[in-house]
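> pasting the sequence and the predicted model now:
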Amino acid sequence: MMITPEYCLTMARYNAWQNRQVKAFFANLDPVALKQDRKAFFGSLLGTANHLLWGDLMWMSRFTGAPPPAGGIKDTPTLTATREEWEIARFRADADILIWSERLRAVDLTGDLTWYSGAVGREVSKPKALCVAHMFNHQTHHRGQIHAMLTAAGVEAPVSDLAFMSAEGPWL
């Protein structure tokens, strides 16, 4: 098997830990700095954080049958309008990902997942395990962009090394 339920739980915990740190760093930025165009693919720090949140909501809708988020990829930078709105939505999404991963069984990672992809404009079918691994990889990729933007802005960025995540939690 490509990935295991234990891997998914570890990555869900890592995701929540990282987002908690991002939240703390965002709290120290004024709203103008948070929305400043930093020439990243999704523009600003908040725009990139919103895209990541949208991606998580979209993947979880595919994995669990929950309602998908509104809009398409081009709309993602404006998913939430403020840091406070983002924090609430991010907290809820992280809780949902953690609960899902805690209940995951090996059989849930087998077979294919089929969905309509707005990004490529057609139905796509891929192994479920690959899709789950992609969701966690997508999180890490865009948090890396946030880390780089914080560093470029002269802000000390959060610790992002999985090896330094506390085994005790709390995860949210």
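Received it, and whenever you're ready, just let me know what you need.
> pLDDT below threshold where in this protein?
Along the chain, the parts satisfying pLDDT under 70 run over 1, 168-172.
> would you map the helices across it?
Taking DSSP state H as the test, the helices found in the chain are 5-27, 31-35, 45-64, 83-103, 128-152.
> now tabulate these in CSV and tack on mean neighbour count and distance to residue 120.
For glycine as for every other residue, the C-beta is placed from the backbone atoms N, C-alpha and C. Supplementary listing: the helices of the chain in CSV, determined by neighbours: other CB atoms under 10 Å; distance: least, CB to CB, whole Å:
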stretch, mean neighbour count, distance to residue 120
helix 5-27, 19, 25
helix 31-35, 15, 30
helix 45-64, 22, 14
helix 83-103, 17, 24
helix 128-152, 18, 14
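> quick one: closest of the ones you listed to residue 74.
Evaluated over the helices of the chain, closeness to residue 74 peaks at helix 45-64, with 10.0 Å, by CB to CB.
> so how far is that closest one off the chain centroid?
5 Å (CA atoms, centre = their mean, to the nearest Å).
> repeat for stretch 31-43
When distances are taken as CA atoms, centre = their mean, stretch 31-43 is centred 18 Å away from the chain's centroid.
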